[in-house]
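1. Predicted model and sequence below, questions to follow.
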Amino acid sequence: MRTLNQRPDVIPLVAEVFREFGYEGTSLSRITERTGMGKGSLYHFFPGGKEEMANAVLEDVGAWFERHVFEPLRSEPPGAAIARMWDAVDSYFRSGGRICLVGAFALDGTRDRFADRISGYFIQWIAALRDALIRQGWGPAAAGESAEDVVLGIQGALVLARATADESLFARTIVRLKSRLRPGEGR
């Protein structure tokens, strides 16, 4: 058995199980098997069971994106913040080799159970990117449409890269999406 002393140490391990099997396909047995933790240890960290684990994982993903994507888009100079977003997206999704856990939860029966967290993640991302584009000189309508297109493109590229077993598809899509966000494009 693996010894983990704090809940934050456990969350990334549980996240990967949810990422692989989805909420419905993740059982406590799968979590114990994949993490090497006993049921008692899991319940120590997550007395609310699987649903508490999923909420903790979604909160962790949201916090990561808040620190590395949303907050920079809201507060840093727009050009630097958008460049940082691309780097963060590439790193987090491992250049297309890792699915979006929030997106996966949005696509199955789990969506209603975690609707606020799921929609909040996408709404914040689109709003933060739209606002950065506006600060970069884009018109509000073009900035809003482009922000939606970028988040949609990233999520779609993750799905297609996984479905076709072609991680390079993600990289190609990111190159195309980057070219659409050049300063002065959306006036």
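-> Arrived safely, thanks for sending.
2. For residue 94, give its distance to residue 11.
-> 18 Å (Cβ to Cβ, to the nearest Å). Glycine gets a C-beta too; all of them are placed from N, C-alpha and C.
3. Give me the more crowded residue out of these two.
-> Taking neighbours as other Cβ atoms under 10 Å, residue 94 and residue 11 compare with residue 11 leading, 18 against 11.
4. Tell me, what's the model's pLDDT at that one?
-> With respect to pLDDT, residue 11 scores 95.
5. got a list of what it touches?
-> 56, 57, 60 (Cβ atoms under 8 Å, 6 or more residues apart in numbering).
6. chain center to the lengthiest helix in the chain, what's the gap?
-> Secondary structure of the chain per DSSP state H: the longest helix is helix 140-164. In terms of Cα atoms, centre = their mean, to the nearest Å, the gap separating the centre of helix 140-164 from the centre of its chain is 13 Å.
7. which helices and strands sit right next to that helix?
-> In this structure, helix 140-164 packs against helix 101-107, helix 115-135, helix 168-180, with contacts taken as 3 or more Cβ pairs under 8 Å, 6 or more residues apart in numbering; DSSP states H and E.
8. what comes up buried for stretch 88-105?
-> Using 16 or more other Cβ atoms under 10 Å as the test for burial, stretch 88-105 gives 88, 89, 93, 96, 98, 99, 100, 101, 102, 103, 104, 105.
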